[in-house]
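Chemist: I'd like to go over a predicted model; first the sequence, then the structure.
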Amino acid sequence: MGEVKPHVSLEPGGYLSLWGVKGQVPQEHLNIINNHKRPLIITGIDNDLSDHIKWTLEEIRPGFLYRLTVEDISKGAGEYKGYLIISTDNPLKPKLRVIVTGQISE
């Protein structure tokens, strides 16, 4: 028995939900936590929902803690689901996938 620690943690998890009324949807965020002694560099983020969301990445503790914030920018009401794929320089965890869903009403 022992504790298994992931190479990179997403807290509170790898899922963000944006629900609300158009123009009043709260931002959601998650923390990207590097569990290694060597710093982690995020080399890019691919967004397959660019018509619906925008993201920002803040480096809280360089190389070890990042905050990813996602905001709805939909032009109309509707539902969507997609992914943000986060690329890193860690060969043990080169890609992180974050599921993003939205349900926007008028």
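Modeler: Perfect, I can see it now.
Chemist: Please put the alpha-carbon coordinates of the host helix or strand of Thr56 into CSV.
Modeler: In the assignment (DSSP states H and E), Thr56 maps to strand 53-61. Extracted in CSV, the C-alpha atoms of strand 53-61 (Å, rounded to 0.1, in the frame of the first residue of the first chain):
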residue,chain,number,x,y,z
ILE,A,53,-15.2,30.5,-24.5
LYS,A,54,-12.0,32.4,-23.8
TRP,A,55,-9.4,31.4,-21.3
THR,A,56,-6.6,33.0,-19.4
LEU,A,57,-3.7,31.4,-17.6
GLU,A,58,-2.1,32.9,-14.6
GLU,A,59,1.2,31.7,-13.1
ILE,A,60,0.7,31.7,-9.3
ARG,A,61,3.9,29.9,-8.3
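Chemist: Tell me the buried residues in that strand?
Modeler: Across strand 53-61, burial judged by 16 or more other CB atoms under 10 Å covers Ile53, Trp55. Backbone N, C-alpha and C define where each C-beta goes, glycine included.
Chemist: Pull the residues that contact stretch 50-67.
Modeler: 18, 29-34, 38-42, 45, 47, 68-75, 80, 82, 84, 100, 102 (CB atoms under 8 Å, 6 or more residues apart in numbering).
Chemist: Endpoint to endpoint, it covers what distance?
Modeler: 19 Å (CA to CA, to the nearest Å).
Chemist: show me where the protein has helices.
Modeler: Here the chain has no helices by DSSP state H.
Chemist: what sits opposite Leu10 in the beta ladder?
Modeler: Ile32 (DSSP bridges).
Chemist: measure it to Asn35 for me?
Modeler: Distance of Leu10 to Asn35, computed by CB to CB, to the nearest Å: 11 Å.
Chemist: Looking at those two, which one has more neighbours?
Modeler: Leu10 (18 against 12; other CB atoms under 10 Å).
Chemist: For that one, list the residues it contacts.
Modeler: Leu30, Asn31, Ile32, Ile33, Leu96, Val98.
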